[in-house]
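Engineer: Provided below for reference: sequence and predicted model.
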Amino acid sequence: MKGMTLIVKAITRLIAGLILLFGIYIVAHGHLTPGGGFAGGVIIAGCFVLLFLAYGSEETTNEMKKWRASLGESLGIFLFWLLAMLGIFGGTHFFLNFLSKGKPMHIFSAGIIPLCNIGIGIEVGAALFAIFITLAVLKMGGKE
Amino acid sequence: MIELYLLLALMVLGAVVALEAKDLLSAIISLGMVGFGLVLAFLILQAPDLAIVQIVVETLTLIILIAAILKTSREDTTEAYGLKKGLLWGGGLLFLIIFMLFANQAIQSLPQFGFPVMRMAENYLALGLEKTGAANLVTSVILDFRAYDTLGEAAVLFTAVMGVIVVLRKTGRKI
């Protein structure tokens, strides 16, 4: 798939990093401000989709990108599940908040909730990008 | 509250145009009107969490739909004539009347708009910060009180992606 015009590429180069940073901010502050893993993950996926559309992609690297997105998605949901299981092993029940609560309104507070948000953020971002790249690979394969 | 009703009227209008437009690109733009109207409605009803997700998902959906239009056809070719059209309209109207009759009875028994019955939620609201330490109450509900549901949601997304990757794979395809 070839990329878009110079104007789109230049603008994308300027704002793609900011979009990714905003997504990470939404994920990391999920327990303090509106947002969280789902919203931030979708924004991160949007950043990757924008880069893919603007700059295009070599056919040979697509399979690798798809594999990485799939791996990221699996790792994200595994992290979330592992945090839930640690509650059983280290304590009493599933999803036990075993870390200290900390002071409210601080970034290191609320125990495992920020960690769960990070897991969900990775999972959602990688999942949406995996769907997008699978469709793109299918379309390119159809032309041959 | 008047701006919310204006917005809802605009969204209904957009949905009707999306159904009736002959040009599919106009239909998709009208569908976008419904989606972005929903974003504004969430903001007016003070649900920024939902608005953030909705605005990004809506944009991605529009991109995918427009890409589908560019690859296929811009014209809506499904059109019913004569008896079939009459049957479709008649059936639709009959369903609408029956639905309205039952919905009217159901809505009578609901609590007033903006004043929900909160037997469980009162507890969450009062003790959310103290029990979980999360300042954002929505997060404290979805990742602590109801974390099990959230794990299910994430598993649904995971399964959906697994299905997409398996169905749309390139290796092993006959064609």
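Structural biologist: Good, I have the coordinates.
Engineer: okay, now residue B:42: neighbour count?
Structural biologist: Here the count is done by other C-beta atoms under 10 Å in any protein chain shown, and residue B:42 has 18 residues near it. For the C-beta atoms, the positions are set from N, CA and C on the backbone; glycine is no exception.
Engineer: name the element it belongs to?
Structural biologist: If you go by DSSP states H and E, residue B:42 is part of helix B:24-44.
Engineer: so what touches that helix?
Structural biologist: Identification of contacts with helix B:24-44 by C-beta atoms under 8 Å, 6 or more residues apart in numbering or on different chains yields B:3-4, B:7-8, B:10-11, B:13-15, B:17-19, B:21, B:48, B:50-51, B:54-55, B:58, B:61-62, B:65-66, B:69, B:73-76.
Engineer: so after that helix, what's the next helix or strand?
Structural biologist: helix B:48-71.
Engineer: before we move on, back to that, name the residues of the helix holding residue B:42 that come out as buried.
Structural biologist: For helix B:24-44, the neighbour count (16 or more other C-beta atoms under 10 Å in any protein chain shown) marks B:24, B:27-42 as buried.
Engineer: just confirm yes or no for the helix or strand containing residue A:11 near chain B.
Structural biologist: Using DSSP H and E, residue A:11 sits within helix A:6-28. Yes. Against chain B, helix A:6-28 shows contacts by C-beta under 8 Å from any C-beta of the partner chain at residue A:26.
Engineer: just checking, what packs against that helix?
Structural biologist: helix A:37-55, helix A:113-142 (3 or more C-beta pairs under 8 Å, 6 or more residues apart in numbering or on different chains; DSSP states H and E).
Engineer: those helices into TSV, with extra columns for mean pLDDT, distance to residue B:86 and mean neighbour count?
Structural biologist: Shown next, in TSV, are those (pLDDT from 0 to 100; distance: least, C-beta to C-beta, whole Å; neighbours: other C-beta atoms under 10 Å in any protein chain shown):
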stretch	mean pLDDT	distance to residue B:86	mean neighbour count
helix A:37-55	88	44	23
helix A:113-142	83	40	23
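Engineer: I'd like the ones you listed as CSV, with distance to chain B appended.
Structural biologist: Shown next, in CSV, are the helices and strands packed on helix A:6-28 (distance: least, C-beta to the nearest C-beta, whole Å):
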stretch, distance to chain B
helix A:37-55, 4
helix A:113-142, 5
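Engineer: same list (those helices) but as a markdown table, adding distance to residue B:115.
Structural biologist: Below are the helices and strands packed on helix A:6-28 laid out as a markdown table (distance: least, C-beta to C-beta, whole Å):
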| stretch | distance to residue B:115 |
| --- | --- |
| helix A:37-55 | 28 |
| helix A:113-142 | 29 |
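Engineer: how about those helices, which one is nearest residue B:157?
Structural biologist: helix A:113-142 (5.2 Å; C-beta to C-beta).
Engineer: other SSEs contacting that closest one?
Structural biologist: Looks like helix A:113-142 contacts helix A:6-28, helix A:37-55, helix A:59-90, helix B:48-71, helix B:137-140, helix B:147-167 (3+ C-beta pairs under 8 Å, 6+ apart).
Engineer: how far does it sit from its chain's centre?
Structural biologist: With C-alpha atoms, centre = their mean, to the nearest Å as the basis, helix A:113-142 stands 7 Å off its chain's centre.
Engineer: now swap in stretch A:5-24 and tell me
Structural biologist: 16 Å.
Engineer: so which bits of that stretch are buried?
Structural biologist: Those buried within stretch A:5-24 under the rule 16+ other C-beta under 10 Å are A:12, A:16, A:19-20, A:22-24.
Engineer: do the same with stretch B:53-64
Structural biologist: B:53-60, B:62.
Engineer: go through these and name the one nearest residue A:59.
Structural biologist: residue B:60 (23.2 Å).
Engineer: residues from chain B in reach of chain A?
Structural biologist: So far as C-beta under 8 Å from any C-beta goes, chain B lies against chain A at B:48-49, B:52-53, B:56-57, B:59-60, B:63-64, B:71, B:129, B:132-136, B:138-140, B:142-144, B:147-148, B:150-151, B:154-155, B:157-158, B:160-161, B:164-165, B:168, B:170.
Engineer: does the closest residue to chain B within chain A count as helix, strand or coil?
Structural biologist: Nearest residue of chain A to chain B: residue A:101, at 3.4 Å (C-beta to the nearest C-beta). Using DSSP: H, G, I helix; E, B strand; the rest coil, the secondary structure recorded for residue A:101 is coil.
Engineer: by residue count, which helix of chain B is the longest?
Structural biologist: helix B:82-108 (DSSP state H).
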